[in-house]
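In: Need a 3D model of the sequence below.
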Amino acid sequence: MTAELRPAVIYRPESAMFWLYVIALLAGILGLLVGDGGAIHETMAAHLALAPVWLAFIVFLVWLMYKFDPYRSVRRYPQALVAGSALGGTTAMVMSANGNTALGEVLARYIDPGTLSAWQAALTAPVIEEAAKALCASVILMLCFRVFNRIPQALLVGMFVGFGFDIVEDLTYATNEALNSLDSDLLGAGGNLMVRILTAIPAHWAYTGLVTVGVLVLLPTFADRSSWSWRRRVGVAVPLLAAGPFMHFIWNAPVPDILSKFAINITVFGVAVALLMRYQRRRLVALIAAARTDGRLSGVDPGLLDSLPSARGRRQLRREAGRSGGRAARKAAKYRQRAALDLLQVV
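Out: Predicted structure coming up:
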């Protein structure tokens with residue numbers, strides 16, 4: 001792959017956005033260390049003992065988020081996703097901690113203490129935390145605008161920003177439970193971590209993924225800006241910008257019951273993602289048609305190209321290869337499909 005096909009996406013010292021990213025990241029790290037560094041250090045033995053659980057949880061979430069990129073739109077630039085996770089886990093966390101406290105103090109002037117105690121998390125976090133994560137995702141989108149300017153890329157950027165926020169928030173909650181546990185740091189942290197794992201779908205990674213798509217659609221860097229009317233962009237952006245805070249509100253509110261919370265949030269997320277996947281599929285079909293017309297994919301088997309737009313088509317081609325050539329042929333077909341998708345993304 002030539003250098004021209006892999007432009008710098010994060011380390012761009014000629015860009016003011018790069019320095020904004022650096023300053024925001026350093027400020028977030030400093031704020032996190034000042035606010036929670038001492039407590040995390042005090043309970044470090046428990047976190048180290050739980051390290052295999054933490055690692056399995058992180059690997060699972062990364063695997064799950066990549067499932068929402070079936071056409072491999074972000075695979076060539078993982079550094080942008082890592083940068084987004086870092087910003088979400090530091091800067092967004094610090095902004096949220098301060099913002100939640102400040103908004104809570106404002107609400108305390110108008111809401112009686114009993115009601116506020118029950119509803120504060122639902123009234124502050126969806127506003128403050130989603131805004132903080134959206135700002136961090138915007139920095140990544142603007143910094144990487146040359147290559148991250150389409151809806152599937154924004155979805156993954158947002159997911160990884162939310163993922164970073166998720167992990168650090170889980171760490172702070174586990175730390176607090178370790179300090180408050182009457183038994184041991186390990187039992188306190190471990191019990192809280194298991195609860196957070198069981199309630200991780202959907203969570204911040206899902207909220208922020210939808211919000212970030214809404215942000216991109218309104219940015220001047222959006223690749224389809226010229227073909228989408230202002231009314232269409234607003235019509236797509238507003239529901240997505242509202243979906244994340246709404247899901248967050250439902251989760252933090254004292255009502256309804258836990259099963260209803262899961263049902264509502266999974267429904268909202270599932271419908272939104274299904275519509276976004278339709279966009280991705282239509283774009284891939286258009287890319288394949290254009291590349292066939294100008295001959296850029298003349299070396300790729302037509303049947304393989306036909307299998308790419310749908311998961312069913314991809315599986316069917318691999319099964320047919322496996323029936324004729326065994327496991328090795330099935331793996332080879334999967335590799336060829338991935339290579340073709342990567343080539344299409346370059347095209």
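In: quick one, helices of the stretch 151-300 of the chain?
Out: When secondary structure is read from DSSP state H, counting those that start in this stretch, the stretch 151-300 of the chain shows helices at 151-180, 185-198, 204-218, 230-252, 258-294.
In: Setting aside sequence-adjacent positions, which residue approaches the most centrally placed residue in the chain most closely?
Out: In the chain, the C-alpha nearest the mean C-alpha coordinate belongs to M159, at 0.3 Å (Cα atoms, centre = their mean). For M159, the nearest residue in space outside its immediate sequence neighbours is G209; the separation is 4.0 Å by Cβ to Cβ, 6 or more residues apart in numbering. Glycine gets a C-beta too; all of them are placed from N, C-alpha and C.
In: Could you pull up the residues touching V195?
Out: Counting by Cβ atoms under 8 Å, 6 or more residues apart in numbering, V195 makes contact with nothing.
In: Would you mind listing where the stretch 1-150 of the chain has pLDDT under the threshold?
Out: Scanning the stretch 1-150 of the chain with the threshold set as pLDDT under 70 gives 1-6.
In: let's go with 90 and repeat that
Out: For the stretch 1-150 of the chain, the stretches with pLDDT under 90 are 1-8.
In: Just the helices from it, written as ranges.
Out: Counting by DSSP H, counting those that start in this stretch, one finds helices in the stretch 1-150 of the chain at the ranges 16-32, 38-42, 44-49, 51-66, 78-89, 91-107, 113-143.
In: How many residues are close by the residue nearest to V236 when sequence neighbours are not counted?
Out: Spatial nearest neighbour of V236, chain neighbours left out: V217 (5.2 Å); criterion: Cβ to Cβ, 6+ apart. Residue crowding around V217 was assessed by other Cβ atoms under 10 Å; the count is 22.
In: what's the answer for M17, then?
Out: Here the count is done by other Cβ under 10 Å, and M17 has 16 residues near it.
In: Next: G114.
Out: Residues near G114, counting by other Cβ under 10 Å, number 8.
In: swap in L30?
Out: Counted with other Cβ under 10 Å, residues neighbouring L30 total 13.
In: what's the answer for H204, then?
Out: For H204, which is what you asked about, the neighbour count (other Cβ under 10 Å) is 30.
In: residue contacts, the residue nearest to it when sequence neighbours are not counted?
Out: Nearest non-adjacent residue to H204, counting by Cβ to Cβ, 6+ apart: G162, 3.9 Å away. For G162, the contacting residues are G88, K133, A203, H204, W205, A206, Y207, T208, G209, taking Cβ under 8 Å, 6+ apart as the criterion.
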